[in-house]
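A.B. asks: 3D, please:
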Amino acid sequence: MRCVMEDEVRRQLFKFYSPPGHHASPAESNGFCIFNNVAVAAKYLMDMKNAERILIVDWDVHHGQGTQRTFYDDKRVLYFSIHRYEQGDFWPNLPESNFNYIGEGSGKGYNINVPLNKTGLGDADYLAILYQVLLPVAYEFNPEMVIVSAGYDAAIGCPEGRMNVSPAFYGHFTHALMNLAGGKIAVILEGGYCADSLSEGVACTLEVLLGRPPIPLPALGRPDQSVVDSILNVISVLRDHWKGLVFQDRFDVGVPPSKGMKVHKPEVVFNGPTEPCANEAYCASVLYSASERVDIRHRLAALKSSYDVFRKSKSSLRTCYGYDIGMLDHASGPLVTDVWDTPQRLEWIYDHLKHCGILHACHAVDVLPAGKGKMALFHDSTYAEVLETASDEAFIQTVKFHTDPATDISLRWAADLFASKGSADAIRLAVGCLQSVVDEVLGGKSLNGFAIVRPPGHHAHSNHPAGFCFANNVGIAAKTLIEQRGLKRVLIVDYDVHHGDGVQEAFYDDPRVLYISIHRGLNGTKSKENGGDFYPLGPGKGAKNVGTRAGVGFNINLPWTEKEKADGDYISAFLQLVMPVAYEFAPEMTLVCCGFDAAAGDKGQMSVSPAGFYLMTRMLKSLAGGRLVLALEGGYKQEVLEQSSEAVMRALMDLPLVKQESLHPSEKAVRDIKSALDIQTPYWTCLQYRVLLEEPSVNPQAPPPNQSQAQASEQGVVGNPPSEESIPSLSELTITG
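C.D. replies: Now for the predicted structure:
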């Protein structure tokens, strides 16, 4: 633990302990647990290494009441537990395992229980808890270290939990936690009693800790209603403590609910025994029947077989990149002045990545111009012919004609377009460069990649260029994947500050491509309904544009209605909207319109830091088996381009982020995210949390006095050791239960 905290070893650690520990209280053992391994480790880090913020995530199917009691009044530890509860009817059968026990004193709000009130729950349910509660709070808490009480008794086949969490999901859970604390995470084994699911669950966890991508999950559907209720119950008692838990509206008794808005009333229910087993002694669970065990073995065998196929396909974990000096020729020379998309943009990025050693550790793909017929996959035949075959001089004259104010308006292109000698070849190289990176990743030769290209592409329409964009680089790549490479689902995420209207137009009726854009919508002079006056103009970038025909719901726009949106706003958009929908869509590859003009100091007047771009990229790595390709779009300031490109490359390469801050959304960003959620909720079953939330019927409780941290400290077992040698021996403990 010390080595991880002090960066003496890789920032990730898995410890195999037996016996487990999270049930052990400061004064007694309990539930197979003698020492509380996780609690002792957390106390050591705080008392000996001066840690001030430790996140403990307990995904064991049983509530870790011992850990909860140890830190119940200590705000230095955020304890988060997901456990089977069944309204108190499941061991350890304690009222304090319910959602309304949130800590006391200075630790109030730092104890979070998510009780599961039925069996058979699986990946979709745990994912909902992860993104709706745990991650919003964790990013705001900003831990210095993450410790996981990793019980695998919620996995398929374990008789203890009788849940249906797939082994692969533990890899996804771990990957999400690795985005915190600069990647410093220690996973400590707790329960797990089905050998097949335990071994695979541990393997999936270890693979991710070692830098391999999480094994892809099938499309995740609607979470169980009991889990939705538990999530909303938890939020009801914590929303006054955490700024990230604010996406439900407060119920006002005197105001009738808005049309279609449900009302949720939290209720505290306890149906457990009036007097739990003496000393909370463990009560055995009912085993699966013989026929059930046969079915479980077959199911787990099929999963393991599919996992092994995926593992064999990932022979390379390297990151690749695409770059060619021929793209510098576009918009160069004395005749091209006062433009944003200058050749220096690519030089700044390439030189910086080379100087800091990033490119030396990556694979450079061979870049070839786009081949014949490639442009026509996206663009209409007439315009595609110009892009594919026009000579330098012919292309320059074509651009001059279409941008001339004297040209008929029906033929006129935007005046912000420009061309020079070398532009036509640069356009073909940009398309070819991205395609080379995509094919490298699709073929398994590299895990992920970054195409450093210009001119950009996401504004280019099927029959004309726009916004510095001539060929729609990402759109052509997506069309190639769908039409020529056999993929059925491609995700495009666009976080350039400008809406990618060209990409939206091309896939607006196509359910095979999910397009999600987070962009600036308004500049303050036009209404939200009219799309605002920030480029591109018009209503097309509004949240109400959800697609048409078969593509309804597969176009998601989140327009910011004000500038200066920062990391906390973008990360909240990812947590509430982008990632849940992406997991339901289950893409086979993810493409990113990677514009850095939302960065602080760039022309978009936003405030995203390099850390923000890093975290968004890291999150997307959990999808599609890690098949992720970024294509440069906007970004025009040297320092922005250098620092932001380094950040996304570090994310792709699984290198840690040096500095993270506490993140939460601004009030105005919350309003915009709520609007997008309200519009998209009918189309995605994962979006179930926009409700009117009543106040809980019972106030948050503290544990009985004889179980408080005050007494725990007096016992001296997990108290405040003056030295590393003061941890008690087995003979010093009173063993009961």
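A.B. asks: Just want the most central residue of this structure.
C.D. replies: For the chain, the residue lying nearest the average C-alpha position, counting by C-alpha atoms, centre = their mean, turns out to be Met619 (3.5 Å).
A.B. asks: Now do it, the pLDDT please.
C.D. replies: pLDDT, Met619: 98.
A.B. asks: Start at 538, not 1
C.D. replies: Sure, I'll start counting at 538 from here, so that last one is Met1156.
A.B. asks: On the secondary structure side, give me the element for it.
C.D. replies: If you go by DSSP states H and E, Met1156 is part of helix 1147-1157.
A.B. asks: What's the first helix or strand after that helix?
C.D. replies: strand 1165-1169.
A.B. asks: so what's the nearest residue to Tyr920 once chain neighbours are set aside up against?
C.D. replies: In this structure, Tyr920 finds its nearest non-sequential neighbour in Asn1000, 5.0 Å apart by C-beta to C-beta, 6 or more residues apart in numbering. Backbone N, C-alpha and C define where each C-beta goes, glycine included. Remark: with contacts taken as C-beta atoms under 8 Å, 6 or more residues apart in numbering, Asn1000 is in contact with His916, Asp917, Thr919, Tyr920.
A.B. asks: Could you check how far the residue located most distally from the centre of the chain is from Gly980?
C.D. replies: Residue farthest from the centre of the chain, counting by C-alpha atoms, centre = their mean, is Ala943 at 49.3 Å. Between Ala943 and Gly980 the distance is 49 Å, computed by C-beta to C-beta, to the nearest Å.
A.B. asks: how about the strands in the stretch 638-787 of the chain?
C.D. replies: With DSSP state E, counting those that start in this stretch as the definition, the stretch 638-787 of the chain shows strands at residue ranges 648-653, 682-687, 722-726, 786-787.
A.B. asks: Identify the residues contacting the last one?
C.D. replies: Yep, that's strand 786-787 we're talking about. Contacts to strand 786-787, defined as C-beta under 8 Å, 6+ apart, come from residues Met798, Arg1227, Val1228, Leu1229, Leu1230.
A.B. asks: hang on, the earlier thing: can you list phi and psi of the residue nearest to Tyr920 for me?
C.D. replies: Asn1000 adopts backbone torsions of phi -120, psi 10, taken as degrees, to the nearest 10.
A.B. asks: pLDDT score assigned to it?
C.D. replies: Among the per-residue scores, Asn1000 holds a pLDDT of 95.
A.B. asks: ok, now Pro563?
C.D. replies: Confidence at Pro563, expressed as pLDDT, is 87.
A.B. asks: And the one 4 residues further on, by the same measure?
C.D. replies: Per-residue confidence for Asn567 comes out at a pLDDT of 90.
A.B. asks: That one - how many residues pack around it?
C.D. replies: A count of neighbours around Asn567, defined by other C-beta atoms under 10 Å, yields 22.
A.B. asks: what about it, distance to Arg699?
C.D. replies: From Asn567 over to Arg699 (counting by C-beta to C-beta), the distance is 22 Å.
A.B. asks: and if you look at Asn1092?
C.D. replies: 40 Å.
A.B. asks: In terms of neighbours, single out the busier of these two.
C.D. replies: Asn1092 (25 against 22).
A.B. asks: Wait, that one touches Glu1042, no?
C.D. replies: No: using C-beta atoms under 8 Å, Asn1092 is not in contact with Glu1042; the gap is 9.8 Å.
A.B. asks: so Arg855 makes contact with Leu984?
C.D. replies: Yes: the pair Arg855 / Leu984 is scored as a contact, 6.4 Å apart, by C-beta under 8 Å.
A.B. asks: between those two, who's got more neighbours?
C.D. replies: Using other C-beta under 10 Å, the more surrounded residue of Arg855 and Leu984 is Leu984, with 25 against 15.
A.B. asks: so how far is Gly1058 from the more buried one?
C.D. replies: To Gly1058, Leu984 is 34 Å away according to C-beta to C-beta.
A.B. asks: which strands and helices sit next to the helix or strand that Lys841 is a member of?
C.D. replies: According to DSSP H and E, Lys841 maps onto helix 827-850. Applying 3 or more C-beta pairs under 8 Å, 6 or more residues apart in numbering; DSSP states H and E, one finds that helix 827-850 makes contact with helix 704-714, helix 732-746.
A.B. asks: ok, and what's touching the longest one?
C.D. replies: Taking C-beta under 8 Å, 6+ apart as the criterion, the residues outside helix 732-746 that touch it are 549-551, 687, 689, 692-695, 704-709, 711-712, 715, 722, 724, 726, 729, 751-752, 833-834, 837-838, 840-841, 844, 848.
A.B. asks: at 7 Å instead, please
C.D. replies: Identification of contacts with helix 732-746 by C-beta atoms under 7 Å, 6 or more residues apart in numbering yields 549, 551, 687, 689, 692-695, 704-705, 707-708, 711-712, 724, 729, 751-752, 834, 837, 841, 844.
A.B. asks: what do you get for the first one?
C.D. replies: Helix 704-714 is contacted by residues 594, 596, 660, 663, 667, 672, 683, 685, 689, 692, 722, 724, 734, 737-738, 741-742, 744-746, 751-752, 754, 840, 844, 1159 when judged by C-beta under 7 Å, 6+ apart.
A.B. asks: What is the distance between that helix and the centre of its chain?
C.D. replies: 11 Å (C-alpha atoms, centre = their mean, to the nearest Å).
A.B. asks: doesn't Arg965 make contact with Asp929?
C.D. replies: No: with contacts defined as C-beta atoms under 7 Å, Asp929 does not count as touching Arg965, sitting 11.6 Å away.
A.B. asks: Please identify which of the two sits among more neighbours.
C.D. replies: More neighbours surround Arg965 than the other of Asp929 and Arg965, with 23 against 15 (other C-beta under 10 Å).
A.B. asks: immediately after the strand or helix carrying the more buried one, which helix or strand?
C.D. replies: Assigned by DSSP H and E, Arg965 belongs to helix 960-979. Next along the chain after helix 960-979, taking DSSP H and E as the criterion, comes strand 985-988.
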